[in-house]
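Q: This is a predicted model, with the sequence first.
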Amino acid sequence: MSDPVLPPTFQRWMDELLPSPIPRESRATCHDCPMLDASEAGPDAPFHPATKCCTYHPELSNFQVGAILLDDSPEVAPARAVLDRRIDGRLAVSPLAVRPPPAYMTIYNASAGATPTAFGRTPALVCPFYIRDGGLCGIWRHRNSVCASWFCRYERGARGRAFWRLVHLLLKTLEDSLRLWCVAQVDPEVARTAFLFEADSPRGLDEFAVSGVASEPAYLMQWGKWAGMERTFFKKCAQAAAGLSWRDVLAVGGARAAAAADLVRELHERLHMGGPPDRVRRGAAYLVQIGRRPREVRVRNAQLHHDWFDMPADALGVVPRLCGGRLADALDELAREGTPLDPALVKKLIDFEVLVPA
């Protein structure tokens, strides 16, 4: 239906779910990262050129790991090498997923995950699948729900962020359900063991995680007869998931996935609605700062850490006049007074939730 915005498997499912294409986020691109330019990075420092936004270690579900191992294209070769090392090392490698090493996640949660200024600016947290030569993603066709749905900037501001957050919720729900389903298709006994092991697994850093090694008894308990044949197991998971339609995967996801899918459809429809709302009121989540040029202000939404727009200070001063009555009437009145507001600016005010539907 549409040019791929998501990894191929996710894209196929979304094309079946939604009546029209997902908007492309052209303001956030890997090839021309807007967060590397200090003049465009916003009020905070730009991202580090050796990392861009890739200071995050993705958790890859078993079917995603298998798809990478089955992908023999040259551009995926570095990612296959990373997974080979991880599988051989056995740390945080289970029948359900290949996860970030616990020590990495402890550092991430205490830094980039907790402090917005650390994200994108910490080379020590660079993703292991990041290709430094060219600054691209080594698992782009197989990236997980987080990497597929996160953007530093959105075409529709806070509205776009709300939509993509729900897309992430839906895709993460499907990932979590599908990984267990895949294990059950390959070996039901391993599925029961993996499920119980994951539920009882301690969180944090034990003596093995601190040392960067796997607990051999625990590892063998999870994998059973598949220990030593993990690559084959992951490939079988990928093959099991490859042919699933949207209807199939929604059935695997159950009630939680169905509820998330309904919300994604609703917000997708809102993104495609033409024209502003009939009445608006002032939002509560925007911030106004000093602009870069005289007689301008910079407007940010508190939920958008890396995005903003500049507008004339005089235009911001008439925003209260847009609230209360019909928006079209207020805009007509301003135009008659000789102080019209650009329709593109009005749209920006709504997208960044300076104005919200009343």
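A: On my side now, so go ahead.

Q: So, low pLDDT: which residues of the stretch 101-250 of the chain?
A: Across the stretch 101-250 of the chain, the ranges flagged by pLDDT under 70 are 199-203.

Q: got the residue ranges for the helices in it?
A: For the stretch 101-250 of the chain, applying DSSP state H, counting those that start in this stretch gives helices covering 102-110, 145-149, 157-186, 188-200, 207-211, 216-223, 230-242, 246-272.

Q: Buried residues in the second one, which are they?
A: I take that to be helix 145-149. For helix 145-149, burial by neighbour count (16 or more other CB atoms under 10 Å) applies to Ser145, Cys147, Ala148, Ser149. From N, CA and C alone the C-beta is placed, and that goes for glycine too.

Q: With just CA atoms, put it into CSV.
A: C-alpha atoms of helix 145-149 as CSV (Å, rounded to 0.1, in the frame of the first residue of the first chain):
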residue,chain,number,x,y,z
SER,A,145,9.5,-1.4,18.0
VAL,A,146,11.5,1.2,19.9
CYS,A,147,13.9,2.0,17.1
ALA,A,148,11.0,1.9,14.5
SER,A,149,8.8,4.3,16.3
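
Q: Quick one: distance of that helix to the chain centre.
A: Computed by CA atoms, centre = their mean, to the nearest Å, the chain-centroid distance of helix 145-149 equals 3 Å.

Q: mind starting the numbering at 5 from now?
A: Okay, residue one is now 5; in that scheme the one you just asked about reads as helix 149-153.

Q: what packs against it?
A: Judged by 3 or more CB pairs under 8 Å, 6 or more residues apart in numbering; DSSP states H and E, the packing partners of helix 149-153 are helix 161-190.

Q: Try it again at 10 Å.
A: If contacts are counted by 3 or more CB pairs under 10 Å, 6 or more residues apart in numbering; DSSP states H and E, helix 149-153 sits against helix 12-21, helix 161-190.

Q: likewise the first one?
A: Packing contacts for helix 106-114, counted by 3+ CB pairs under 10 Å, 6+ apart, involve helix 211-215.

Q: which residues touch the residue lying closest to Asp191 once chain neighbours are set aside?
A: Among residues not flanking Asp191 along the chain, Trp230 sits closest, at 6.8 Å (CB to CB, 6 or more residues apart in numbering). Residues in contact with Trp230 (CB atoms under 10 Å, 6 or more residues apart in numbering) are Pro99, Val187, Val190, Asp191, Val194, Thr236, Phe237, Phe238, Lys240.

Q: these two touch, right, the fifth one and Glu202?
A: Same thing as Val194. No. Using CB atoms under 10 Å as the test, Val194 is too far from Glu202 to be in contact (11.9 Å).

Q: Give the residues shared as contacts by those two.
A: Common neighbours of Val194 and Glu202 (criterion: CB under 10 Å, 6+ apart): Ser98, Pro99, Leu100, Gln226.

Q: Which of those residues sits closest to Leu182?
A: Nearest to Leu182 among the shared contacts of Val194 and Glu202 is Leu100, at 10.2 Å by CB to CB.
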